[in-house]
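K.L.:
any chance you could fold what I've pasted below:
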Amino acid sequence: MKSFQCARSPRTGNERRREIAGGDDTSGSIPTLRRDDSDRCGNKHNDQEAVVSFARYRRGWARHGTHETVLRLVPDGMKVLDVGCSTGYLGASLAERSCRVWGLDRDPAAVACLPSCYEDSRACDLDEIMAVPWPDMSFDVAIAADVLEHLRDPSRALAVLRRALKPNGLLVVSLPNVAHLSVRMRLLIGRFDYTETGLLDKTHLRFFTFSTATDLVRAAGFRLERVVASSDRFGYALNRFSSAGRFGRGLLGYGIVIAARAP
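P.N.:
Presented below is the predicted three-dimensional model:
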């Protein structure tokens, strides 16, 4: 196992004033993230070999989609570790709700584009580190939105996050549901084709169903609090009506969103 190594962002704390959209901000105010701002920094780093091309991943705005579901599970005013923070589209929304936000991403180019609301950020690979680069038990909440499926050992990553959380701290993770109806239909005709983004994103190393996702979180020592399905089209019905049941959730839930507590 490699020793702990993380690269510090060149802009940290109150020194970081540049907005995601570009330009300088000398006011020190929290940036307002607009619907088209999620990858504005991308063009500045086209010549870099980033671990993951962060411009491929954008903020989702559907009320019952993954990102909005994750954000609703985080209480206001928390000290939050945003794991796989990309260009900060989730952290910016949390900062508008009086949360203090720290960022972690394995792509240095993405970390360099974080908005000024991030108090600190580091470029780290969760597959390589033994602890986050801040003291143990520092955070009220850790979010990992569509992150664990990109790792070789998500169980080990959850152990790292558990160590970073305060006692009874909140973990919020989202994972793509590989048992979604669209994947099942393709399997019926013998197809399992990787795509640029989505359920079969070509950078996914691990695949999860609702059952295996909850098993993963439990095995890492967390206590399940909520398990919900995210879906732009069907999210409301899947989580509102019990008649949808686990079968319907497994078929039509695009994402698996889990809220769990550390010991």
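K.L.:
buried set for the top strand by length along the chain?
P.N.:
The longest strand of the chain (DSSP state E) is strand 165-176. Across strand 165-176, burial judged by 16 or more other CB atoms under 10 Å covers 165, 169-176. Glycine gets a C-beta too; all of them are placed from N, C-alpha and C.
K.L.:
tell me which two in those are the farthest apart.
P.N.:
Distances among the buried residues of strand 165-176 were taken as CB to CB; the most separated pair is 169 and 176, at 24.5 Å.
K.L.:
got any ranges where the chain has weak pLDDT?
P.N.:
Along the chain, segments meeting pLDDT under 70 span 1-5, 7-57, 60, 242-246.
K.L.:
switch the cut-off to 90
P.N.:
Flagging of the chain using pLDDT under 90 yields the residue ranges 1-64, 87, 113, 197, 231-249.
K.L.:
surely residue 123 and residue 105 touch.
P.N.:
Yes - applying CB atoms under 8 Å, one finds residue 123 in contact with residue 105, separated by 6.3 Å.
K.L.:
name the helices or strands packed onto the longest strand of the chain?
P.N.:
In terms of contacts (3 or more CB pairs under 8 Å, 6 or more residues apart in numbering; DSSP states H and E), strand 165-176 is packed against helix 66-72, strand 139-145, helix 154-164, helix 210-219, strand 255-261.
K.L.:
make CSV out of these and add distance to residue 240.
P.N.:
Shown next, in CSV, are these (distance: least, CB to CB, whole Å):
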stretch, distance to residue 240
helix 66-72, 13
strand 139-145, 22
helix 154-164, 29
helix 210-219, 17
strand 255-261, 15
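K.L.:
so what's residue 232 up against?
P.N.:
By CB atoms under 8 Å, 6 or more residues apart in numbering, the residues touching residue 232 are 60, 62, 64-65, 254.
K.L.:
just to revisit the earlier point, contacts for the next helix or strand after the longest strand of the chain?
P.N.:
As assigned by DSSP states H and E, the chain's next helix or strand after strand 165-176 is helix 181-188. Residues from elsewhere that reach helix 181-188 (CB under 8 Å, 6+ apart): 192-193, 199-200, 251-252.
K.L.:
rebuild these as JSON lines, extending it with secondary structure, distance to residue 135 and neighbour count.
P.N.:
As requested, these are exported to JSON lines (DSSP: H, G, I helix; E, B strand; the rest coil; distance: CB to CB, whole Å; neighbours: other CB atoms under 10 Å):
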{"residue": "192", "secondary structure": "coil", "distance to residue 135": "43", "neighbour count": "10"}
{"residue": "193", "secondary structure": "coil", "distance to residue 135": "44", "neighbour count": "7"}
{"residue": "199", "secondary structure": "coil", "distance to residue 135": "37", "neighbour count": "19"}
{"residue": "200", "secondary structure": "coil", "distance to residue 135": "38", "neighbour count": "19"}
{"residue": "251", "secondary structure": "helix", "distance to residue 135": "43", "neighbour count": "17"}
{"residue": "252", "secondary structure": "helix", "distance to residue 135": "42", "neighbour count": "19"}
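K.L.:
following the helix or strand hosting residue 94, which helix or strand comes up?
P.N.:
Using DSSP H and E, residue 94 sits in helix 89-95. Where DSSP H and E defines the elements, the next helix or strand beyond helix 89-95 is strand 100-105.
K.L.:
of all residues in the protein, which one is nearest the centre?
P.N.:
The centre of the chain sits closest to residue 145, judged by CA atoms, centre = their mean, with a distance of 2.0 Å.
K.L.:
list of residues touching stretch 149-161?
P.N.:
Here stretch 149-161 makes contact (CB under 8 Å, 6+ apart) with 52, 81, 83-84, 126-127, 129-132, 142, 144, 147-148, 171, 175-176, 201, 203-208, 216-217, 219-222.
K.L.:
of the residues you listed, buried ones?
P.N.:
Buried subset of these (neighbour count, 16+ other CB under 10 Å): 52, 81, 83-84, 126-127, 129, 132, 142, 144, 147-148, 171, 175-176, 201, 204, 206-208, 216-217, 220, 222.
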